[in-house]
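Engineer: Okay, here's the prediction I keep looking at, along with the sequence it came from:
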Amino acid sequence: MECAIAAVKAKDCHLGGKYRHLCAQIGSKKKALMAIARKLAVIIYRLMSKGATYQEPISQPPSSKSRHRSIQRHIRDLENSV
C-alpha cells in the first residue's frame, strides 16, 4: 500500500494518472489506491518472472474528443453546484 501511495505521488508517472482517472470514475480514493496497489503488484510479478526492467508507458496527449467531453463534464459539474 505504501508503494502505491509513493507511485501515485510521483510526478509524470503512469500510475499517478491512472489513479486520478480511477478516483474520478469510482469516486473513492481508497478503492482507487487499492486498484493501483494491485496493478503495481502485477507489474512487479511480471517483471520478476521475465527478468525484465520496467519501461514507463509513453503518455499521449488527450484527443480532441476526450478533451471536449472533459470540458462538458466540468461545465455540467459547475452548473449543478450552483
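Structural biologist: Happy to help now that I have it.
Engineer: so where does the spatially most central residue of the chain fall, helix or strand?
Structural biologist: Centroid check for the chain by C-alpha atoms, centre = their mean gives residue 18 as the closest residue, at 1.0 Å. For residue 18, the element it lies in under DSSP states H and E is helix 14-26.
Engineer: could you check the angle helix 14-26 makes with the helix or strand just after that helix?
Structural biologist: Where DSSP H and E defines the elements, the next helix or strand beyond helix 14-26 is helix 29-50. Calculated by axes from the mean of the first three to the mean of the last three C-alpha atoms, to 10 degrees, helix 29-50 forms an angle of 140 degrees with helix 14-26.
Engineer: hang on, the earlier thing: from the contact counts, what lies against the helix holding residue 18?
Structural biologist: Packing partners of helix 14-26 (3 or more C-beta pairs under 8 Å, 6 or more residues apart in numbering; DSSP states H and E): helix 2-9, helix 29-50. Using the backbone N, CA and C atoms, a C-beta is placed for each residue, glycine as well.
Engineer: hang on, the earlier thing: residues in contact with the residue nearest to the centre of the chain?
Structural biologist: Taking C-beta atoms under 8 Å, 6 or more residues apart in numbering, we find residue 18 in contact with 36, 39.
Engineer: ok so, going back, model confidence over the helix holding residue 18, on average?
Structural biologist: Average pLDDT, helix 14-26: 90.
Engineer: Check the offset of that helix from the chain's centre.
Structural biologist: 3 Å (C-alpha atoms, centre = their mean, to the nearest Å).
Engineer: Quick check, residue 54 in contact with residue 47.
Structural biologist: Yes - when contacts are counted by C-beta atoms under 8 Å, residue 54 is listed as touching residue 47 (5.8 Å).
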